[in-house]
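Sequence and predicted structure are below.
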Amino acid sequence: MAELDPLDRVRAAVTDRAELPGMSLMEHLAELRKRIINSVLYLLAGFAVAYAFHERLYNIVQKPLDDLHIALNFTHPTDGLNLYLKTALLGGAILAAPFILYQLWLFISPGMYANERRYVFPFMGATVGLFLAGAWFGYHWVLPGALKVLILDFGKRFHPIITIDDYTQFFLAVILGLGITFELPILIFFLALFGIVDAKFLIRHIRYAILAIFLVAAIICPLPDPVSMCLFATPMLVLYMLGVGVAYLVHPSRRKSKGQTA
């Protein structure tokens, strides 16, 4: 039997779930409103806890520059306060992430079969764990390397005046960017769970995935040599292959075949 293209896979997945108990548009909006409000409350609670430790969080943010003996500068009286608020917000978002993800799961779970809802705790644990792994990789490898190359190598003939606002944006771009990039297996998990992709599809198109991964690695890698770019691409290739394994385990066709042989 000929395999379906991605668009047909989406249509088949939607059709397959049309038999699930549905909600009206107003019920969906009411449920979405409830989950958003709960998520905001969790985020505010996480922010309050994180702000109580804002000095320690600032020390973590400042450490890559301290290692290079470079001080931060500010051009506006509120820059220092904004740095504390942004770091506390990021820390609060990480603290609240499991609770916010659970709200997301509660919103999408009515559109899932009962046997699919058992993935809630693996989903939450994997999502938070992968994000933290990406953030750790960015903080310990990408950020220090980027600062060293950009400031001490390319900028060695100039006097660096790094403002709080510029550094905060750069810091968040690296940490959040890599944290989100490491969520690739989670994206594949949902695509496979709803039958949009499967392991064969991912393997068949792996050359395009490798090209995209190396393009991303070339963008985020602070060093210009090919060896360093390969070092940055390797974790993403591993994550993609992990996603292939996840797609094989959770694809509907495999779950149905297991149910028939049980």
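Cool, got the structure. Note that the structure is predicted; figures quoted are calculated from it, not measured. Numbers count the residues shown, from 1 in each chain.

Break down the stretch 151-262 of the chain into its strands, ranges please.
Assigned by DSSP state E, counting those that start in this stretch, the stretch 151-262 of the chain shows strands spanning 162-163.

where in it is pLDDT low?
Judged against pLDDT under 70, the low-scoring parts of the stretch 151-262 of the chain cover residues 222-225, 251-262.

That one: helices as residue ranges?
164-181, 184-193, 199-204, 206-220, 226-250, 252-261 (DSSP state H, counting those that start in this stretch).

And the third one, what's buried?
By that I understand helix 199-204. Ala199, Phe201, Leu202 (16 or more other CB atoms under 10 Å). No exception for glycine: its C-beta is placed from N, CA and C like everyone else's.

what do you get for stretch 163-175?
Judged by neighbour count (16+ other CB under 10 Å), stretch 163-175 contains these buried residues: Ile164, Asp165, Tyr167, Thr168, Phe171, Val174, Ile175.

wait, which of the buried residues of helix 199-204 is closest to Gly155?
Leu202 (41.4 Å; CB to CB).

Can you tell me the closest non-neighbouring residue to the closest one?
Setting aside the residues directly before and after it, Leu202 is nearest to Val244 in space (CB to CB, 6 or more residues apart in numbering), at 4.8 Å.

which stretches of the stretch 1-150 of the chain form strands?
Using DSSP E, counting those that start in this stretch, the strands of the stretch 1-150 of the chain run over 72-73.

Quick check: which ranges of it have low pLDDT?
Within the stretch 1-150 of the chain, the set of residues satisfying pLDDT under 70 comprises 1-24, 111-116.

dump the residue contacts of the nearest residue to His76 once chain neighbours are set aside.
Nearest residue to His76 in three dimensions, chain neighbours excluded: Asp165, at 7.7 Å (CB to CB, 6+ apart). Under the criterion of CB atoms under 8 Å, 6 or more residues apart in numbering, the contact list for Asp165 reads Phe74, Thr75, His76, Asp79, Asn82.

at 10 Å what do you get?
With contact taken as CB atoms under 10 Å, 6 or more residues apart in numbering, Asp165 is in contact with Leu72, Asn73, Phe74, Thr75, His76, Thr78, Asp79, Asn82, Leu83, Lys86.

Next: Leu187.
Applying CB under 10 Å, 6+ apart, the residues near Leu187 are Ile180, Val197, Gly243.

ok so, going back, would you point to the one among the helices of the stretch 151-262 of the chain that's packed deepest?
Using mean count of other CB atoms under 10 Å, the stretch among the helices of the stretch 151-262 of the chain with the greatest mean number of neighbours is helix 184-193 (a mean of 20).

Off-centre distance for that one?
Helix 184-193 sits 12 Å away from the centroid of its parent chain (CA atoms, centre = their mean, to the nearest Å).

For it, C-alpha coordinates in PDB please.
Included here for helix 184-193 are C-alpha records, laid out as PDB according to Å, rounded to 0.1, in the frame of the first residue of the first chain:
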ATOM      1  CA  LEU A 184      12.900  18.400  19.100                       C
ATOM      2  CA  PRO A 185      12.000  14.900  20.400                       C
ATOM      3  CA  ILE A 186       8.900  16.300  22.000                       C
ATOM      4  CA  LEU A 187       7.800  17.800  18.700                       C
ATOM      5  CA  ILE A 188       8.400  14.500  17.000                       C
ATOM      6  CA  PHE A 189       6.500  12.800  19.800                       C
ATOM      7  CA  PHE A 190       3.300  14.800  19.100                       C
ATOM      8  CA  LEU A 191       3.600  14.400  15.400                       C
ATOM      9  CA  ALA A 192       4.000  10.700  15.700                       C
ATOM     10  CA  LEU A 193       1.300  10.400  18.400                       C
END
